[in-house]
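**Student:** Quick one: sequence plus predicted model below, questions after.
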Amino acid sequence: MSSDTAPLAALTFEHLSKTYPNQAQPALNNLNLSVPRGSRLGIIGRSGAGKSTLVRLISGLEQPESGRLLIDGENPAQLSAAQRRNRQARTGLVFQHFNLLLQRTVLGNVTLPLELQGVPRAERERRALALLDKVGLAPYAKRYPAQLSGGQKQRVGIARALVTNPTLLLADEATSALDPETSASILQLLTDLQRERDLTLVIVTHQMEVVRAATTHVAVLDSGHLVETGDTRQVIASPQHPVTRALLEAHRPAVTPGNGQMLRLVTLANLGAQTLSTLARLQASVVQAQAHPLGVDAWLLLPNTVSEAELGALSGAAAPALKLSPLAEVL
Ligand SMILES: Nc1ncnc2c1ncn2[C@@H]1O[C@H](COP(=O)(O)OP(=O)(O)OP(=O)(O)O)[C@@H](O)[C@H]1O
Ligand SMILES: [Mg+2]
């Protein structure tokens, strides 16, 4: 997210500001950021920070008050109406509450964006079924949304968002309504699709574990200001702003380390025999664990003499899957 990546930027914000009518405070205040193509950007911040406003600006649902927003180098404000519609079709949106049409089948929901584009029926059904297969829902094509679980509804939402072959996928709190395990599987699906289709993925969340699990870059919003940005690994390893630190600490269990102990968050591939014996050797105990797209997120209480190398080996040795991902280095 620096100027030397600008030619490849998928998204650029230049002095971007937005104040809603009759509001004293801007929802977004002078944002500057360049997001490389093919990255997974996490936008994180407390409630009311301006996250959804930013998504609405990127998706064209709202217009900036001042400053510029460039998508793949284009300023939507300078496009013709037809070009702007085309741009919007290349921007997929996934919502917290799925926003499915209840009276339409799963297939009918996924084909809808193509119907609006005038794509012939056979072609739109072929494309929708291919995507439903991709998200693991081909057998559910004829069901109605009320007959699906939350995770399945979100898979339909993702298929619908991708059916127009977007280059940019925006997910606003896409996992917030789901239990941790389902949330992890949806994040895994989003990251897999991002890699396969070379998308730029923007994930809006108030949960730092979502950022840890699924993003390459992070932007922290607070009261409409961009207070910290950077490579996810670096920001997590060395958060500079108090808001970032507070968000990182939010899920810390209520355990006070004793003398000579520390509490650390580590992602393990699993809690199998090998991992457990390594934890025992390091005199580490798991005080809290939850599903994570790459395994299990575990808060460990352990002697503060355990080195970073030993912690790294704990993740790496136990977790061949982690080696496939740069996220391993976050740990
Ligand atoms: N349509 C609107 N009209 C007026 N003010 C709005 C509107 N939408 C949002 N706001 C205000 O803009 C600010 C940013 O809201 P936004 O929805 O972008 O926050 P958010 O970070 O997405 O919060 P949350 O985590 O709760 O979803 C808030 O102060 C909010 O009250
Ligand atoms: Mg929001």
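**Tutor:** Yes, it's here. None of these values were measured; they are calculated from a predicted model. Ligands and ions are numbered 1, 2, ... in the order given.
**Student:** Show me what from the stretch 51-200 of the chain comes close to ligand 2.
**Tutor:** Residues of the stretch 51-200 of the chain lying near ligand 2 by CB under 5 Å from the ion: Lys51, Ser52. From N, CA and C alone the C-beta is placed, and that goes for glycine too.
**Student:** so where does the residue in the stretch 51-200 of the chain that ligand 2 sits nearest to fall, helix or strand?
**Tutor:** For the stretch 51-200 of the chain, the residue closest to ligand 2 is Ser52, as judged by CB to the ion, at 3.1 Å. Element membership of Ser52 [criterion: DSSP states H and E] is helix 51-59.
**Student:** so what does that helix touch, helix or strand wise?
**Tutor:** strand 9-18, strand 28-36, strand 40-44, strand 66-71, strand 91-94, strand 168-172, strand 200-205 (3 or more CB pairs under 8 Å, 6 or more residues apart in numbering; DSSP states H and E).
**Student:** quick one: low-confidence parts of the stretch 1-150 of the chain?
**Tutor:** Counting by pLDDT under 70, the stretch 1-150 of the chain contains low-confidence residues at 1-8.
**Student:** For it, what lies in contact range of ligand 1?
**Tutor:** Applying CB under 6 Å from any ligand atom, we find that the stretch 1-150 of the chain lies next to ligand 1 at Tyr20, Gln23, Ala27, Gly45, Ser47, Gly48, Ala49, Gly50, Lys51, Ser52, Thr53.
**Student:** filter the residues you listed to the buried ones?
**Tutor:** Ala27, Gly45, Ala49, Gly50, Lys51, Ser52, Thr53 (16 or more other CB atoms under 10 Å).
**Student:** can you tell me the helix or strand for the third one?
**Tutor:** Put plainly, it is Ala49. Using DSSP H and E, Ala49 is not contained in any helix or strand.
**Student:** Spit out the contact partners of it.
**Tutor:** Leu221, Asp222, Ser223, Gly224 (CB atoms under 8 Å, 6 or more residues apart in numbering).
**Student:** could you redo the last one with a cut-off of 10 Å?
**Tutor:** Residues near Ala49 by CB atoms under 10 Å, 6 or more residues apart in numbering: 27-28, 43, 204, 206, 220-227, 243.
**Student:** Turn those residues into TSV, columns for distance to Val110.
**Tutor:** Shown next, in TSV, are the contacts of Ala49 (distance: CB to CB, whole Å):
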residue	distance to Val110
Ala27	32
Leu28	32
Ile43	26
Val204	22
His206	28
Val220	34
Leu221	31
Asp222	37
Ser223	38
Gly224	35
His225	38
Leu226	34
Val227	38
Val243	38
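**Student:** Counting neighbours, which of these comes out on top?
**Tutor:** With neighbours set by other CB atoms under 10 Å, the maximum within the contacts of Ala49 is found at Ile43, which has 30 neighbours.
**Student:** and it, bridged to which residues?
**Tutor:** Here Ile43 sits in beta bridges with Val204, Ala219, going by DSSP bridges.
**Student:** for Glu14, same thing?
**Tutor:** Bridge pairing for Glu14 - DSSP bridges - gives Arg68.
**Student:** any idea how far it is from Arg264?
**Tutor:** From Glu14 across to Arg264, the span is 39 Å (CB to CB, to the nearest Å).
**Student:** where's the residue of the stretch 51-200 of the chain closest to ligand 2 relative to Pro253, distance?
**Tutor:** Taken as CB to CB, the span from Ser52 to Pro253 is 29 Å.
**Student:** for the longest helix seen in the chain, which positions count as buried?
**Tutor:** When the chain is parsed with DSSP state H, its longest helix is helix 180-197. Buried residues in helix 180-197, counting neighbours by 16+ other CB under 10 Å, are found at Thr182, Ser183, Ala184, Ser185, Ile186, Leu187, Leu189, Leu190, Thr191, Leu193, Gln194.
**Student:** again, but for stretch 167-181
**Tutor:** Neighbour counts over stretch 167-181 (16+ other CB under 10 Å) mark Thr167, Leu168, Leu169, Leu170, Ala171, Asp172, Glu173, Ala174, Thr175, Ala177, Leu178 as buried.
**Student:** Which residue does the stretch 201-331 of the chain have closest to ligand 1?
**Tutor:** Closest to ligand 1 within the stretch 201-331 of the chain is His206: 5.2 Å, counting by CB to the nearest ligand atom.
**Student:** my guess is Ala213 meets Ser185, correct?
**Tutor:** No. With contacts counted by CB atoms under 10 Å, Ala213 stays clear of Ser185, the gap being 11.2 Å.
**Student:** circling back to that earlier point, now flag whichever of the residues of the stretch 1-150 of the chain next to ligand 1 is closest to Asn304.
**Tutor:** Distances from Asn304 to those, taken as CB to CB, are shortest for Gly45 (31.3 Å).
**Student:** Enumerate every residue touching that closest one.
**Tutor:** Per CB under 10 Å, 6+ apart, neighbours of Gly45: 51, 54, 204-206, 219-227, 243-244, 247.
**Student:** go with 6 Å
**Tutor:** Listed by CB atoms under 6 Å, 6 or more residues apart in numbering, the contact partners of Gly45 are Lys51, Leu221, Asp222.
**Student:** What score does Ser238 have for pLDDT?
**Tutor:** pLDDT, Ser238: 82.
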